[in-house]
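Q: with the sequence up front, the predicted model follows.
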Amino acid sequence: MSFLKHTLAGSSTDALQNYLGSRATALAAGVIEVLPKQSSGQSIVLSSGIHGNETAPMELLDGLVDEIVKGKLEPRNPLLLIIGNPAAAREQQRFVEHNLNRLFSASASQTGSSKEHQRAIELQGLVERFYAKTSGSLSSAGSLSANKPLRLHYDLHTAIRRSKIEKFAVYPFLHQRSWSQSQLAFLEQCGIDAVLLSNQPAGTFSYFTSRHLQAHSFTVELGRVKPFGQNDLSKYLKLVESLRGLIEGHQRFESKPESLQVFKVVEEVIKRSDGLKLHIPDDAHNFSPYPAGTLLASDETYQYITQIDNERFVFPIQNVPIGQRAMLIVAPTKLGERAQT
Ligand SMILES: [Zn+2]
């Protein structure tokens, strides 16, 4: 058995704890915590399987847990490891009732009784307690003092379609905070080729931990969805090596990114009616560039035509509920003056 197998089998926390032994603590289904005696200055949250069919990240985390359990990897930073949606993972479905990565929210308006609604609330609470325990509490103004361990959250995903850029990260909207060059350099070290800068709040896990828990948070896309057992994990060597270094306390966040491509969101296409049509071939890759003047989406009272050359689409899904995002349009940009180390 393994962390992933126990989670998919629906094992009790006791059974999972039996497997983990003394090196890690089972907190809930699909959630374990490692609290080493020392901290090297980072409190790390790694999440996977927020979408249940995105198997590669779950297998990657499972490998790290296996190494920790066997004593081959010795954490020198506190660590929270998450398999996000076990019920959906069991079915290898993106979700059971609702897209979990739209349900994270600190507001009281977070309603709904589905498994995914309950799981979002559970995960928020677990991450909040983990950070409070390992990197101190936030000030009354909601900020984290400078001498506390950095709060890090990498939420690992894979995409539905092929992509011109296989590995990329989504930087949640930061409001008044600055982009972190050293975080982007770390992502580059992990083998990530591009970052997409969000321009508004979202119901994603990474936006929640960034906005409400002051973490350096990213949604990280790692290639294409495949069934369990069919992932080529050798594609992720740089990522796994970098995560090992981070867990073992060797990672210094001091560099700047060198060749990372940067994109900004120029349009969020919302499904307004069942008349929405995305003018994109089924086999077109994410980040395919289009010249100015190309019709990319039309709805009953809306259309999106590219404004400048080299605009690209990402994450197109025609079949979303009305009111939800059906596609993002992005364009190349530079980090600019809001970046800091
Ligand atoms: Zn996903």
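A: Okay, I see it. Residues are numbered from 1 along each chain as shown.
Q: so where's the stretch 1-150 of the chain uncertain?
A: Within the stretch 1-150 of the chain, the segments meeting pLDDT under 70 span 108-110.
Q: where along it do the helices fall?
A: For the stretch 1-150 of the chain, the helices defined by DSSP state H, counting those that start in this stretch cover 3-9, 13-20, 55-69, 86-91, 115-135.
Q: pipe these into TSV and attach distance to residue 230 and mean neighbour count per row.
A: In short, each C-beta sits where N, CA and C put it, glycine included. Listed next are the helices of the stretch 1-150 of the chain as TSV, based on distance: least, Cβ to Cβ, whole Å; neighbours: other Cβ atoms under 10 Å:
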stretch	distance to residue 230	mean neighbour count
helix 3-9	14	21
helix 13-20	24	16
helix 55-69	8	21
helix 86-91	15	19
helix 115-135	25	19
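Q: go through stretch 92-101 and flag the buried ones.
A: 94, 95, 96, 98, 99, 100, 101 (16 or more other Cβ atoms under 10 Å).
Q: ok, the residue nearest to residue 136 when sequence neighbours are not counted - how many residues close by?
A: Nearest non-adjacent residue to residue 136, counting by Cβ to Cβ, 6 or more residues apart in numbering: residue 148, 4.5 Å away. Counted with other Cβ atoms under 10 Å, residues neighbouring residue 148 total 17.
Q: get me the contact residues on the chain for the ion.
A: 51, 54, 157 (Cβ under 5 Å from the ion).
Q: repeat that with 6 Å
A: 50, 51, 54, 157 (Cβ under 6 Å from the ion).
Q: how about the contacts made by residue 96?
A: Neighbour list for residue 96: 52, 85, 87, 88, 114, 115, 116 [criterion: Cβ atoms under 8 Å, 6 or more residues apart in numbering].
Q: break the protein down into its domains, please.
A: Taking automatic domain parsing as the reference, the chain has its domains at 3-247, 267-331.
Q: highest average neighbour count across those?
A: Burial of these is given as mean neighbour count (mean count of other Cβ atoms under 10 Å); domain 3-247 ranks first at a mean of 19.
Q: now it: how far from the chain's centre is it?
A: Put simply, domain 3-247 sits 6 Å off its chain's centre (Cα atoms, centre = their mean, to the nearest Å).
Q: where does the residue of the stretch 151-300 of the chain found nearest the ion sit, in terms of helix or strand?
A: Relative to the ion, the nearest point of the stretch 151-300 of the chain is residue 157 (3.4 Å; Cβ to the ion). Residue 157 belongs to strand 150-159 when assigned by DSSP states H and E.
Q: tilt between that strand and helix 55-69?
A: Relative orientation of strand 150-159 versus helix 55-69 (axes from the mean of the first three to the mean of the last three Cα atoms, to 10 degrees): 140 degrees.
Q: strand 150-159 versus helix 115-135: what angle between them?
A: Using the same axes, to 10 degrees, the direction of strand 150-159 lies 150 degrees away from that of helix 115-135.
Q: so what strands line up beside strand 150-159?
A: strand 42-48 (parallel), strand 216-224 (parallel) (DSSP bridges).
Q: dump the shortest one to PDB, keeping only the CA atoms.
A: Coordinates of each C-alpha in strand 42-48 appear next as PDB, following Å, rounded to 0.1, in the frame of the first residue of the first chain:
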ATOM      1  CA  GLN A  42       9.600  27.500   4.600                       C
ATOM      2  CA  SER A  43       6.200  26.000   5.400                       C
ATOM      3  CA  ILE A  44       5.300  23.900   2.400                       C
ATOM      4  CA  VAL A  45       1.900  22.900   1.100                       C
ATOM      5  CA  LEU A  46       1.900  20.600  -1.900                       C
ATOM      6  CA  SER A  47      -1.500  19.700  -3.300                       C
ATOM      7  CA  SER A  48      -2.600  17.400  -6.100                       C
END
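Q: which residues are in contact with it?
A: Here strand 42-48 makes contact (Cβ under 8 Å, 6+ apart) with 54, 57-58, 60-61, 64, 77-84, 123, 127, 130-131, 134-135, 149-156, 205, 209, 215, 243, 246-247, 249, 251.
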